[in-house]
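Undergrad: Structure, please.
(chains A and B)
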Protein chains: 2
Amino acid sequence: MTISPLATPFPELPEIAGVRRGVATAGYKPWTRPDVTLLAFDAGTSVAGVTTRSKCPSPEVELCRRHLTWGAARGLVVNAGNSNAFTGAKGAEACARQVAEAANLLGCEPAEVFAASTGVIGVPLPVEKAVAGVHAAFAALGTAGWLDVTTAIGTTDTFPKAAVREAMVGGVKVTLVGFIKGSGMIAPDMATMLGFIVTDAAVAAPLLQTMLEAANRRSFSCITVDGDTSTSDTVLAFATGRAGHPLLESADAPGADAFAAALHDLCRELAQLVVRDGEGATRFVEIRVTGAVSDDSAHRIGLSIANSPLVKTAIAGGDANWGRVVMAVGKAGEPAERDRLSIRFGGVEVAANGMVVPGYDEAPVAAHLQGQDIDIAVNLGIGDGRATVWTSDLTHGYISINADYRS
Amino acid sequence: MTISPLATPFPELPEIAGVRRGVATAGYKPWTRPDVTLLAFDAGTSVAGVTTRSKCPSPEVELCRRHLTWGAARGLVVNAGNSNAFTGAKGAEACARQVAEAANLLGCEPAEVFAASTGVIGVPLPVEKAVAGVHAAFAALGTAGWLDVTTAIGTTDTFPKAAVREAMVGGVKVTLVGFIKGSGMIAPDMATMLGFIVTDAAVAAPLLQTMLEAANRRSFSCITVDGDTSTSDTVLAFATGRAGHPLLESADAPGADAFAAALHDLCRELAQLVVRDGEGATRFVEIRVTGAVSDDSAHRIGLSIANSPLVKTAIAGGDANWGRVVMAVGKAGEPAERDRLSIRFGGVEVAANGMVVPGYDEAPVAAHLQGQDIDIAVNLGIGDGRATVWTSDLTHGYISINADYRS
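TA: Model (predicted):
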């Protein structure tokens, strides 16, 4: 596996009070690497989550949705190498059994344990391996670092992805650590993207849920690699409350803003890291859409551009092919007026008022397209709606990975 | 340009009474090949058309829409090498000027002349070349064969695409000839889809329009190469009425059914030919969706599968990765129940009731995937809606063509 040219170094990550980590090898595939991760949380930890919009979700996703209604967490189990998706009653039983086993070991209710699995679709999670794996991970609690768990939840990821933020809440410093896996089948609402955030802040579950959903709308829902949506996408946030400030229960409580901003910022970094590990990616692309009739409309236009194979291959070729951006705006199905549209690459206006700008000089734009970070701005000129989305280019590497990868 | 491995031979095509053809070289690019096509129709020819849904259509598309309201045609001009899209007032003037010139030469109203252009976006059609080209094509009327015009309208096409059908209307044999260019139903720049159908049948314009729209819904609207939509997509049907049967004016007139069926069948073959010339295509894929809540829902699910980069790369790799089909069904946003879904590859059931079939033998499926014609059937199991769509695989060839191609 070649490391993505867009990879960034793994950051220094502090401990989060109230969280213990363990990893083990269940052997879901013929390998020796750790593929089961267990996180144990102190009593009193709240939880929030967002999951895939796929109509064919995995049993782990369904379990998380049920358990989220309780709002309390003591454990998280993550399996890598087998997604357990589309495996019928057998898969659901395997998931329930592994979670029950974890609950027994942790001395809590099964409803306080969360699960996520990623890997091949259609093969039921082997229950013996899953149970043995969670036992071994429990025995190893306290021995695994952040890098260990980040690596253990990965599949086709080419580099480990994590981030950290701090915020002041009620005069107390709180810390948020997030780690994430994902590199293909990435689109808002799907893709096997699994992201986990842990914090020592004290946040009531309903507020944490509201904050996570708001952050998700401007982070994980704004990235796409290939427009494909996973049956297993899951982002969970756990708040142990060990930092010692008074419990945040409403959005207008002192410090809630600061925490929400840190959470949003963390989610955006994690989301962008996934794009940076997009399968075959050689360029990181930010697409800013303004002047649309609404933010939602801008978001859909942004994704139409970000998902266009022709735009993505042009970028892969270092080609300032703004005509393909026009095409992608036109096909989005959203309100647009050809003759009010303007487009910039790297800050340079290339088209305005329905045609190329007079005296257009391609040289600075071509130079921008040779870089790794590509900036495309589209102004619809018909409203105040705006959105920013992120994607990668579409290269031979994507084809090689996905035409050959398999079970 | 390597000829598509899915290419089929150019068929024998009869003359259509009331139609004359000419081609010429305007030189829109530095080449010597014919790039302007003129078709002249006898007085009394009716016309129908369907055009792109892009919000950023070319001036040629806008002109066709205006002229279609009259329902009469005496001429068609097609330019290859320059799409004239996103070229502002200058491009619209160039289009109008070329059409006016053609009308003068043909001795008809400009409203009876139709136009289509395909090629690079953003460069106004050079008006001197366009006018000189249409004059030369007029002078050449009667000298060009079907293969000549089919080749002259092509751009990145790797083989010429045309088809023929016959039908009996009022005891008279009528003939329909169609020719088409496109190598991504959906791709701007050089890959716009332009399709033209000519027949000696006598069909009133409103009925021809209804029939063409119905045929389009089950043909051109059911193909995708890359999910990208051109600013210039156009299909026009011209009926000269020279076959000699009584004018068809309503869908229940004798022979109307036979003509509509032949038109639909012709459109389907033309549409499939475009997929067979899909950029980089090595496999032709038919996706049949049944058991959806409605035909429209089935159509959207079919396109979700057909546009999925992960499904398309799996097929490119000869991989019976039905999990990706589940993923694409799940992300379509249409009603689906995971545990009622079944999937077949090449007629072999691989998954049913939310999981892989007991004793699944991959060998016959793997063998099917090694062929050039791939058949995927998905039964949602929740209704009577059905649709069939066609696509190609996603290969290194697509990346090479689109990452390197440019103005």
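Undergrad: hey, let's count contacts and neighbours off CA atoms from now on
TA: OK.
Undergrad: Get me the contact residues on the stretch 201-350 of chain A for chain B.
TA: A:226-231, A:308-310, A:313-319, A:321, A:323-324, A:326-339 (CA under 8 Å from any CA of the partner chain).
Undergrad: gap between the longest helix seen in chain A and the chain center?
TA: In terms of residue count, the longest helix belonging to chain A (DSSP state H) is helix A:256-276. How far helix A:256-276 lies from its chain's middle: 10 Å, per CA atoms, centre = their mean, to the nearest Å.
Undergrad: okay, A:Pro309: pLDDT?
TA: Per-residue pLDDT puts A:Pro309 at 86.
Undergrad: Next one: it relative to A:Ala332, how far apart?
TA: 14 Å (CA to CA, to the nearest Å).
Undergrad: Neighbour count for those two, which is higher?
TA: Comparing A:Pro309 with A:Ala332 by other CA atoms under 10 Å in any protein chain shown, the one with more neighbours is A:Pro309, at 28 against 22.
Undergrad: hang on, isn't that one packed against A:Leu394?
TA: Yes - between A:Pro309 and A:Leu394 there is a contact at 6.8 Å, judged by CA atoms under 8 Å.
Undergrad: Next up, the contacts around A:Ala336.
TA: A:Ala292, A:Val329, A:Gly330, A:Leu380, A:Ile382, B:Lys55, B:Cys56 (CA atoms under 8 Å, 6 or more residues apart in numbering or on different chains).
Undergrad: May I ask which of the residues you listed comes out lowest in pLDDT?
TA: Among the contacts of A:Ala336, pLDDT bottoms out at B:Lys55, giving 78.
Undergrad: Among the contacts of A:Ala336, which one has the most neighbours?
TA: A:Val329 leads the contacts of A:Ala336 on contacts (other CA under 10 Å) with 30 neighbours.
Undergrad: how close does the nearest residue to A:Thr158 once chain neighbours are set aside get to A:Asp296?
TA: Distances taken as CA to CA, 6 or more residues apart in numbering or on different chains place A:Ile3 nearest to A:Thr158, at 4.8 Å, with adjacent residues excluded. From A:Ile3 over to A:Asp296 the distance is 35 Å, taken as CA to CA.
Undergrad: Looking at these two, which one has more neighbours?
TA: A:Asp296 (14 against 11).
Undergrad: any idea which element the more buried one lies in?
TA: helix A:295-306 (DSSP states H and E).
Undergrad: tell me what that helix is packed against?
TA: Using 3 or more CA pairs under 8 Å, 6 or more residues apart in numbering or on different chains; DSSP states H and E, the elements in contact with helix A:295-306 are strand A:284-292, helix A:322-331, strand A:385-392.
Undergrad: Are we agreed that A:Pro206 is in a helix?
TA: Yes - under DSSP: H, G, I helix; E, B strand; the rest coil, A:Pro206 falls within a helix.
Undergrad: list the contacts for it?
TA: Applying CA under 8 Å, 6+ apart, the residues contacting A:Pro206 are A:Ala48, A:Gly71, A:Glu249.
Undergrad: Please list all residues in contact with the last one.
TA: Contacts for A:Glu249 were tallied using CA under 8 Å, 6+ apart; they are A:Val203, A:Ala204, A:Pro206, A:Leu207.
Undergrad: Quickly note the distance from A:Ala7 to chain B.
TA: 22 Å (CA to the nearest CA, to the nearest Å).
Undergrad: Near the nearest residue to A:Pro34 once chain neighbours are set aside, how many other residues are there?
TA: The spatially closest residue to A:Pro34, leaving aside those adjacent along the chain, is A:Thr25, at 4.1 Å (CA to CA, 6+ apart). A:Thr25 has 23 neighbouring residues, counting by other CA under 10 Å.
Undergrad: In contact with A:Thr25, which residues are there?
TA: Contacts of A:Thr25 (CA under 8 Å, 6+ apart): A:Thr32, A:Arg33, A:Pro34, A:Asp35, A:Val36, A:Gly133, A:Ala136.
Undergrad: now swap in A:Trp390 and tell me
TA: A:Cys222, A:Ile223, A:Thr224, A:Gln272, A:Val275, A:Phe284, A:Val285, A:Glu286, A:Ile287, A:Ala306.
Undergrad: Show the pLDDT at it.
TA: Reported pLDDT for A:Trp390: 92.
Undergrad: One more: A:Leu13?
TA: pLDDT at A:Leu13 comes out at 97.
Undergrad: Please apply the same query to A:Ser407.
TA: Note on A:Ser407: pLDDT of 41.
Undergrad: Kindly report the same for A:Val274.
TA: So A:Val274 comes in at 87 (pLDDT).
Undergrad: what's the neighbour count on it?
TA: 32.
Undergrad: Could you report the separation of it from A:Ala163?
TA: Look at A:Val274 and A:Ala163: by CA to CA, they are 12 Å apart.
Undergrad: ok, now A:Glu12?
TA: 9 Å.
Undergrad: who has more neighbours, these two?
TA: Neighbour count, other CA under 10 Å: between A:Glu12 and A:Ala163, A:Ala163 has more, with 21 against 10.
Undergrad: looking at this, the more buried one is in a strand?
TA: Yes - the assignment for A:Ala163 is a strand, going by three-state DSSP.
Undergrad: dump the residue contacts of it.
TA: A:Pro11, A:Leu13, A:Val177, A:Gly178, A:Phe179, A:Leu266, A:Glu269, A:Leu270.
Undergrad: hmm, 7 Å instead?
TA: Contacts for A:Ala163 (CA atoms under 7 Å, 6 or more residues apart in numbering or on different chains) come out as A:Pro11, A:Val177, A:Gly178, A:Phe179, A:Leu266, A:Glu269, A:Leu270.
Undergrad: What is the burial count for A:Glu362?
TA: 12.
Undergrad: now swap in A:Leu273 and tell me
TA: 25.
Undergrad: Contacts only, for it.
TA: A:Leu273 sits in contact with A:Lys161, where contact means CA under 7 Å, 6+ apart.
Undergrad: which one of the contacts of A:Trp390 is nearest B:Glu101?
TA: Using CA to CA, A:Ala306 comes nearest to B:Glu101 of those, at 41.2 Å.
Undergrad: As a check, name the ranges of all helices in chain A.
TA: Using DSSP H, helices in chain A cover A:59-68, A:88-106, A:127-139, A:146-152, A:205-217, A:256-276, A:295-306, A:309-316, A:322-331, A:362-369, A:396-404.
Undergrad: possible to save these as JSON lines with distance to B:Ala40?
TA: Shown next, in JSON lines, are the helices of chain A (distance: least, CA to CA, whole Å):
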{"stretch": "helix A:59-68", "distance to B:Ala40": "62"}
{"stretch": "helix A:88-106", "distance to B:Ala40": "62"}
{"stretch": "helix A:127-139", "distance to B:Ala40": "72"}
{"stretch": "helix A:146-152", "distance to B:Ala40": "68"}
{"stretch": "helix A:205-217", "distance to B:Ala40": "55"}
{"stretch": "helix A:256-276", "distance to B:Ala40": "53"}
{"stretch": "helix A:295-306", "distance to B:Ala40": "39"}
{"stretch": "helix A:309-316", "distance to B:Ala40": "35"}
{"stretch": "helix A:322-331", "distance to B:Ala40": "31"}
{"stretch": "helix A:362-369", "distance to B:Ala40": "41"}
{"stretch": "helix A:396-404", "distance to B:Ala40": "45"}
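Undergrad: This completes my enquiry, with thanks.
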